[in-house]
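S.K.: structure of the sequence below:
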Amino acid sequence: MSGLKLQRLGLIMEPEPGNPMEVEGVLNPAAVRGSDGNLYLFPRLVAKNTYSRVNVFKFYFRIIEAHKSGNDITHSQNCVRF
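M.R.: Below is the predicted model of the structure:
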């Protein structure tokens with residue numbers, strides 16, 4: 001074993017209530033950090049009858065409070081759906 005330890009931190013995405021494109025779920029988002037420094041997520045959106053499509057979400061990061069606790073930095077994040 002490599003000694004790598006993973007910890008589940010929580011849910012990062014869930015279906016938007018009332019959105020017919022997400023009625024059967026939002027699954028398996030891929031993630032990439034763009035050259036602009038923002039985080040992009042590419043989730044699979046599942047509609048009725050398992051009709052699937054891939055969407056893109058862009059997260060903007062900005063530091064609002066820079067204090068370190070170990071390797072953690074407190075910051076806010078905003079999400080925009082394209």
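
S.K.: which helix or strand contains I12?
M.R.: Secondary structure assigned from DSSP states H and E places I12 in neither a helix nor a strand.

S.K.: for it, which residues are in contact?
M.R.: By C-beta atoms under 8 Å, 6 or more residues apart in numbering, the residues touching I12 are P29, L41. In short, each C-beta sits where N, CA and C put it, glycine included.

S.K.: that one and G3, how far apart?
M.R.: Counting by C-beta to C-beta, to the nearest Å, the separation of I12 from G3 is 25 Å.

S.K.: now do M21
M.R.: Distance from M21 to G3, counting by C-beta to C-beta: 41 Å.

S.K.: who has more neighbours out of those two?
M.R.: Under the criterion of other C-beta atoms under 10 Å, the comparison of M21 against G3 puts M21 first, with 16 against 4.

S.K.: so the more buried one sits in a helix?
M.R.: Yes. Secondary structure assignment places M21 in a helix (DSSP: H, G, I helix; E, B strand; the rest coil).

S.K.: I'd assumed A47 was in contact with it.
M.R.: Yes. Distance between M21 and A47: 5.0 Å, which falls inside the contact criterion (C-beta atoms under 8 Å).

S.K.: overlap in contacts of the two?
M.R.: Overlap between the contact sets of M21 and A47, as judged by C-beta under 8 Å, 6+ apart, is given by R53.

S.K.: quick check: pLDDT value at A66.
M.R.: Note for A66: predicted pLDDT of 51.

S.K.: which stretches of this protein have low pLDDT?
M.R.: 1, 61-82 (pLDDT under 70).

S.K.: tell me the spacing between L4 and R33.
M.R.: L4 sits at a distance of 20 Å from R33 (criterion: C-beta to C-beta).

S.K.: more neighbours, these two?
M.R.: For L4 against R33, the residue with the higher neighbour count under other C-beta under 10 Å is R33, and the figures read 11 against 5.
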